[in-house]
Structures are given as C-alpha cells and as structure tokens.
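**Q** turn this into a model:
(one chain, ligands or ions: 2)
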Amino acid sequence: MSNTILALGAESVIFKTRRWNQFFVLKWRKTKPYLLEEIDTLLRKTRTSKECRTLTIARELGVRTPAVYSVDLNNYSILMDFIEGTQFKLLVERLDQKQLLELCQRFGQSIAQLHQGGVVHGDPTTSNVIVDKHFHLWLIDFGLSEMNATVEMKGVDLHLIRRALETTHWDKQELMLNATIEGYIDTIGKEAEDSLSRMNEIRERGRYH
Ligand SMILES: Nc1ncnc2c1ncn2[C@@H]1O[C@H](COP(=O)(O)OP(=O)(O)O)[C@@H](O)[C@H]1O
Ligand SMILES: [Mg+2]
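**A** Ligands and ions are numbered 1, 2, ... in the order given. Model prediction:
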C-alpha cells in the first residue's frame, strides 16, 4: 500500500492510496488546534458523516460522485474512489468559450439535481468539481451539505456559486453564472424561479448590511 498526498486543504489532507491494484482517495479531516477540543471533535465528526452520507445520496439523485468504501468516524476519514481528472477551477483558463459554457451548464444541472432532491452542496466552488477525460463532472467535498433544504438554503447555495465565481473567475463571472443558471433552469423548470429570486434577494440583503 502506497500513500501520496494529493492535496492539503485548510480542513483536510487528501491521500491517494493504492489498494487491491486500484487507486483510492483517503480524505482525513485534521485537527484544528485553535478550536476548543470538543468543538473540533464535533465538527470533524459531523462533517465526515455528512460528507459520507451526501456522497451516496447525490449519486442516487444522478450526480456523479466518488463511491464511498468505508468511513471511520473515530479517525474522521473516508475512503472513496479516486477520480482521475482536473479541478474545474484549473480548467477554466484553458478551455475555449464553448467548452466552458457547456461545463457551466452541466454544473448548473448537477446543482439542480441536488436541489430537486432536497440537498444543498454547501460549498459549491469550482475547486469542488472534477472534470474527467470524457468531460463528465464529478462533485466532491460535501462536508457542509444539508438535506431537507428550504428555498432559503437553495438560494444560499446559488449565492455561494455567484460569490465563488466573483472571487475566483472574476473576468468570466457573468458568462459562467449565466450558463450555470441556464443549466439549473433547464433541469428544474419553472420552480427554479423561487431559488433564483432568493439568490438575488440574498445578495441585496448583503449590500445593505
Ligand atoms: N475522490 C477524489 N478524487 C480525486 N481527487 C480528489 C478527490 N477528493 C479530493 N480530491 C482533490 O483534493 C482536493 C481537496 O479535496 P476536498 O474534498 O475538496 O477537500 P477540502 O475540504 O480540503 O477542500 C480537491 O479539490 C481535489 O483536487
Ligand atoms: Mg474542497
């Protein structure tokens, strides 16, 4: 068994590991020394269990996610499929406009599939999307996800997409947001209006506070 570190996040360490002649990812939520121990333990545990649960629910809803093989709530770790591909975030600058808009539409469709199933992602940034060689999108990083989502929660999820595009892809934000919304409406239809107008409302609220 060989382990290499794939990514070092603020919250977690992502190992790529080889078992049974296949590659897997072990996501381990590390301790945050500046938090009170009880809070640290609680956060790591709830986020690990939420992530594990939602990875599976999302797949049932038709969204591509890595399959979970095991979860260790005492060690705050999840063993899942390794998805061969590139972070969407890194691809944005390399794609032509047509490809980029296509991927944004698919991103919007995936978020819509989650929302239709009552799930919000919680951290819907372009770093949490992997694009594989077939141009398929895979969603990851579900530690902040919630179920039984209300219109407000869906509006927040969409607002977070807008914010992420503003900060990470500011020169293409409008284009990308419009295509994402197109994909969202494409999947949900008329009912998308509620969450979309809530997204705009949330932005207006932020402006006057
Ligand atoms: N299952 C996976 N397959 C391939 N790469 C992954 C996988 N899970 C995570 N990664 C890589 O590690 C990075 C960080 O993982 P993520 O789950 O987003 O953790 P964090 O909570 O630290 O952001 C991702 O952006 C991605 O590049
Ligand atoms: Mg992430």
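**Q** switch to C-alpha atoms for all contacts and neighbour counts from now on
**A** OK.
**Q** from the contact counts, what lies against the helix or strand where E174 lies?
**A** Assigned by DSSP states H and E, E174 belongs to helix 173-188. Helix 173-188 sits against helix 97-116, helix 151-168, with contacts defined as 3 or more C-alpha pairs under 8 Å, 6 or more residues apart in numbering; DSSP states H and E.
**Q** now the last one against helix 173-188, angle please.
**A** Compare the direction of helix 151-168 with that of helix 173-188 by axes from the mean of the first three to the mean of the last three C-alpha atoms, to 10 degrees and you get 150 degrees.
**Q** then helix 151-168 to CSV, C-alphas only?
**A** What follows is helix 151-168, C-alpha atoms only, in CSV (Å, rounded to 0.1, in the frame of the first residue of the first chain):
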residue,chain,number,x,y,z
VAL,A,151,-35.9,27.7,-0.6
GLU,A,152,-33.6,29.9,1.6
MET,A,153,-31.0,27.1,1.7
LYS,A,154,-31.1,26.7,-2.0
GLY,A,155,-30.9,30.4,-2.5
VAL,A,156,-27.8,30.5,-0.3
ASP,A,157,-26.2,27.6,-2.3
LEU,A,158,-26.7,29.6,-5.5
HIS,A,159,-25.4,32.8,-3.9
LEU,A,160,-22.3,30.9,-2.9
ILE,A,161,-21.8,29.9,-6.6
ARG,A,162,-22.1,33.5,-7.6
ARG,A,163,-19.6,34.6,-4.8
ALA,A,164,-17.1,31.8,-5.8
LEU,A,165,-17.3,32.9,-9.5
GLU,A,166,-16.8,36.5,-8.5
THR,A,167,-13.7,35.8,-6.4
THR,A,168,-12.1,33.0,-8.5
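**Q** quick one: buried residues of it?
**A** Within helix 151-168, the residues scored as buried using 16 or more other C-alpha atoms under 10 Å are 151-166.
**Q** what are the buried residues along the longest helix seen in the chain?
**A** Assignment by DSSP state H gives helix 37-60 as the longest helix of the chain. By neighbour count on 16+ other C-alpha under 10 Å, the buried set for helix 37-60 is 41, 43-45, 47-59.
**Q** looking at the buried residues of helix 151-168, which is nearest ligand 1?
**A** Nearest to ligand 1 among those: A164, at 13.4 Å, using C-alpha to the nearest ligand atom.
**Q** hang on, isn't that closest one packed against T125?
**A** Yes - assessed by C-alpha atoms under 8 Å, A164 is found in contact with T125 at 5.6 Å.
**Q** buried ones in stretch 179-199?
**A** So for stretch 179-199, counting by 16+ other C-alpha under 10 Å, buried means 179-187, 192, 195-196, 198-199.
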